[in-house]
Structure formats: C-alpha cells, structure tokens
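> show me the folded form of this:
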Amino acid sequence: MPAKAINLNKCGAAIQISRDLVVGSIVLLRNQRNVQISARIVSQLTATHGMSTYGIEFVEQQGNAGNFWGITFPSNGDERLASNSSMMPRSEPATRRSN
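Have a look, this model is predicted:
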C-alpha cells in the first residue's frame with residue numbers, strides 16, 4: 001500500500017497513509033530503490049479526511065537503516081556540537097564611564 005514518508009530521520013520517520021495501522025505493530029517499508037526494512041508503529045500523530053500520520057522507528061538500527069532514506073545524517077558528535085553552539089551574539093559586559 002503506498003504511503004508518503006515525511007520528517008525523515010536516521011531512526012525512522014512519520015508516514016502518511018490512507019489505512020488504519022495498529023500502534024506497536026511491525027510493518028515492512030520499501031523505498032524507491034527497492035530496499036526493504038522493518039519498522040514499528042510507535043504513535044498515531046494525526047487522522048483527518050481519511051489520511052493518517054504515524055510515527056515509525058526502524059526495528060534494527062544497523063544494516064539498511066543507516067542509509068534507508070538515501071540521506072546522510074549528522075553523526076552524534078556533529079549533533080552535540082551544533083546544540084552547544086549559540087546563534088546569539090555574545091553580549092559584552094557593560095562598562096562604567098567616569099565623568
């Protein structure tokens with residue numbers, strides 16, 4: 001059954017599908033390169049107008065999971081570095097002028 005993957009990440013994604021799925025069940029995903037991987041339905045995010053969105057996570061984080069989406073994600077070290085850097089300019093301490 002066709003589904004659309006959105007909000008991709010290295011551990012899973014959100015998928016939109018016009019079918020009800022059971023949270024906790026395992027589904028088999030196949031990408032456009034015909035690579036298959038098992039994923040667990042972890043939550044139902046929305047359901048409107050016959051279309052449901054579910055959060056999924058790959059059952060195994062090794063093998064096909066690393067490149068299933070065909071995207072290179074930052075390594076854990078890169079994520080920590082990005083979260084520790086500030087985008088805000090540092091303010092200089094106020095100095096007192098003498099008259």
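
> next, the buried residues of the strand with the most length in the chain.
Across the chain, the longest stretch assigned as strand under DSSP state E is strand 36-48. For strand 36-48, a neighbour-count test (16 or more other C-beta atoms under 10 Å) marks 37, 39, 41 as buried. The way it works is simple: take the backbone N, C-alpha and C, and place the C-beta from them, glycine included.

> any idea which of those residues is closest to residue 68?
Nearest to residue 68 among the buried residues of strand 36-48 is residue 37, at 5.3 Å by C-beta to C-beta.

> measure the closest one to residue 60 for me?
For residue 37, the distance to residue 60 equals 8 Å [C-beta to C-beta, to the nearest Å].

> then residue 40?
Residue 40 sits 10 Å away from residue 60, going by C-beta to C-beta.

> low-confidence ranges, this structure, go.
Applying pLDDT under 70 to the chain flags residues 62-64, 76-99.

> run through the helices of it in chain order.
Applying DSSP state H to the chain gives helices spanning 76-84.
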